[in-house]
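K.L.:
coords please:
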Amino acid sequence: MTTDLADLLGDRESTVLGFKQSASSRDKIGQAICAFANDLCGRGGGDLLIGVDDKGEPVLNVKAGDEELRRLTDFRDSGQILDRPSMTVETGTFKGRTVIRINVKASKTPPVRYDGVVWVRPGPTTRKATREDERVLAERRRAFDGPFDGRSIPGSTLGDLDLGLFRSTYLPSVVSAEVIEENGRPEELKLASLRITDLVGIPTVLGLLVLGLDPSAFIPGAYLQFVRYDGTGHDAPIADDQELRANIVDLAGRLDALLRGHLHTQVVEEEGFRERHRPDYPLAALREVCMNAVMHRNYETSYAPTRIAWFADRIEVTNPGGPYGQVRRDNFDRVNDYRNPSLAAAMKSLGYVNRFGRGIGRIQAALAENGNPLAEFFIDDLSWSVTLRRAA
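P.N.:
Model (predicted):
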């Protein structure tokens, strides 16, 4: 006995079930297929039943012959819906009457577009995707591929990694001494197990960022640009201009020396006629801002560097990549998510990040203790900027 689709799928429209009285509107059907393929709510796709009205009742005399089935199946290969949807078209029974069922599987490569437009189904109706919807879908696609920092980089070899640095610094930081001593595996397996290379020995994004001899040769945006202005605007004379092109381990040392070299310290009087030396900016806050920018930036689709612009009255640190995952403009100081999870773990092991989720709090506390105004955060869809203002 054939199962009635009303019993199997329900008789109310939802994120996974849609109704059309007929197949007369090709655009409406294409948009619905596109929306189910995008699967915004993560339910695995959905079903479109043709021959059912919006109250969940079957209509009379729906066209369900072979020609109509072929015409609807054509959506799969017509090129109007890209990437190509995975779908089946067949007849079925709904409340005792014949209908056409289009079952659409969730795409592994969202966002899917119908005639160049992304359509989604956040509820019982289909609509155009918002910018936030498209961001969610794009991140889901990356999740299917795995995080970018775990992917291997074709064309790179072990010769592009500083293996001496791996043995002397990285391996002891990530793996306990006891495990290293007990572990008799060859170095190639150690590199692969720590995601520095893939299983065939090709360096990953993580490996090149942390240990690469020149990461920017393979990841164009993997460098830091520092500009010191002799004034308060971008039109002021430039006092210092440097590009730091180095792996994370070497970058940390070079950045620390650079920041220390540009800090000015003044003597201030405190209660009881005591004096102390106060820098323009607390080094701990500067270091935290810069290393977090390096950790969270978008290495995948932006070739722009992480930028430090040092003015007479403030410092602006900008990195490519807006809010990611669960992080939004209204919750970034409370919610964590990681665009580069393997890099974040590596920087934590190396001591460049003290505790996940505490960076902003540490920055603000260090600024307040030094007498600086609190840091200002400016976030849009493509970048993240932090402004630190000089102590009065």
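K.L.:
for the residue nearest to Glu376 when sequence neighbours are not counted, name its beta-bridge partners.
P.N.:
Sequence neighbours aside, Thr387 is the residue nearest to Glu376 in space, at 4.4 Å (criterion: Cβ to Cβ, 6 or more residues apart in numbering). C-beta here means a position set from N, CA and C on the backbone, and glycine is covered the same way. Note on Thr387: beta-bridge partners by DSSP bridges are Glu316, Glu376.
K.L.:
is Thr387 in contact with Asn372, as I believe?
P.N.:
No: using Cβ atoms under 8 Å, Thr387 makes no contact with Asn372, being 10.9 Å away.
K.L.:
these two: which has the busier surroundings?
P.N.:
Asn372 (22 against 17; other Cβ atoms under 10 Å).
K.L.:
any idea which element that one lies in?
P.N.:
Assessed by DSSP states H and E, Asn372 sits outside every helix and strand.
K.L.:
need the contact list for the residue nearest to it when sequence neighbours are not counted.
P.N.:
Nearest non-adjacent residue to Asn372, counting by Cβ to Cβ, 6+ apart: Ala391, 4.7 Å away. Applying Cβ atoms under 8 Å, 6 or more residues apart in numbering to Ala391 gives the contacts 278-281, 370-372.
K.L.:
do you know how far Ala391 is from His264?
P.N.:
Going from Ala391 to His264 by Cβ to Cβ, to the nearest Å gives 10 Å.
K.L.:
three-state assignment of the spatially closest residue to Ile308 that is not a sequence neighbour?
P.N.:
Of all residues not flanking Ile308 in the chain, Phe226 sits nearest, at 4.7 Å (Cβ to Cβ, 6+ apart). Taking DSSP: H, G, I helix; E, B strand; the rest coil as the rule, one finds Phe226 in the strand state.
K.L.:
for Phe226, list each beta-bridge partner.
P.N.:
Gln242, Ile308.
K.L.:
got a list of what Gly92 touches?
P.N.:
Counted by Cβ under 8 Å, 6+ apart, Gly92 has contacts 2, 5, 49, 98-101.
K.L.:
got any ranges where this structure has weak pLDDT?
P.N.:
Residue ranges of the chain with pLDDT under 70: 1, 142-143, 145, 179, 181-184, 270-273, 335, 354-357.
K.L.:
quick one, helices of it?
P.N.:
Assigned by DSSP state H, the chain shows helices spanning 5-9, 26-38, 66-73, 131-145, 163-165, 171-174, 177-182, 187-193, 205-211, 248-262, 283-296, 341-350, 359-370.
K.L.:
distance from the chain centre to the fifth one, please.
P.N.:
Helix 163-165 sits 29 Å away from the centroid of its parent chain (Cα atoms, centre = their mean, to the nearest Å).
K.L.:
what's the answer for the third one, then?
P.N.:
The chain centre lies 40 Å from the centre of helix 66-73; the measure is Cα atoms, centre = their mean.
K.L.:
how about stretch 167-180?
P.N.:
29 Å.
K.L.:
mind listing what's buried along that stretch?
P.N.:
Buried residues in stretch 167-180, counted by 16 or more other Cβ atoms under 10 Å: 169-171, 174.
K.L.:
what's the closest non-adjacent residue to the residue nearest in space to the middle of the chain?
P.N.:
With distances taken as Cα atoms, centre = their mean, Arg339 lies nearest the centre of the chain, 3.9 Å away. The shortest distance from Arg339 to any non-neighbouring residue, by Cβ to Cβ, 6+ apart, is to Tyr324 (4.4 Å).
K.L.:
give me the neighbour count for that neighbour.
P.N.:
Count around Tyr324 with other Cβ under 10 Å applied: 19.
K.L.:
got a list of what it touches?
P.N.:
Applying Cβ under 8 Å, 6+ apart, the residues near Tyr324 are 139, 296, 337-339.
K.L.:
among these, which ones are buried?
P.N.:
296, 338-339.
K.L.:
for those residues, which one is nearest Arg195?
P.N.:
Tyr338 (14.1 Å; Cβ to Cβ).
K.L.:
separation between the closest one and Glu316?
P.N.:
Tyr338 is 23 Å from Glu316, by Cβ to Cβ.
K.L.:
end to end on stretch 316-327, go ahead and measure it.
P.N.:
Counting by Cα to Cα, to the nearest Å, you get 21 Å between the two ends of stretch 316-327.
K.L.:
show me which residues of that stretch are buried.
P.N.:
For stretch 316-327, by 16+ other Cβ under 10 Å, it's 316-324, 327.
K.L.:
dump these into TSV; add distance to Thr93 as well.
P.N.:
Below are the buried residues of stretch 316-327 laid out as TSV (distance: Cβ to Cβ, whole Å):
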residue	distance to Thr93
Glu316	65
Val317	63
Thr318	60
Asn319	56
Pro320	54
Gly321	50
Gly322	48
Pro323	47
Tyr324	46
Val327	47
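K.L.:
need the contact list for Thr232.
P.N.:
311-314.
K.L.:
let me have these in JSON lines, adding distance to Pro305 and neighbour count as columns.
P.N.:
As requested, the contacts of Thr232 are arranged in JSON lines below (distance: Cβ to Cβ, whole Å; neighbours: other Cβ atoms under 10 Å):
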{"residue": "Phe311", "distance to Pro305": "18", "neighbour count": "19"}
{"residue": "Ala312", "distance to Pro305": "22", "neighbour count": "14"}
{"residue": "Asp313", "distance to Pro305": "23", "neighbour count": "9"}
{"residue": "Arg314", "distance to Pro305": "19", "neighbour count": "17"}
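K.L.:
understood, closing this out.
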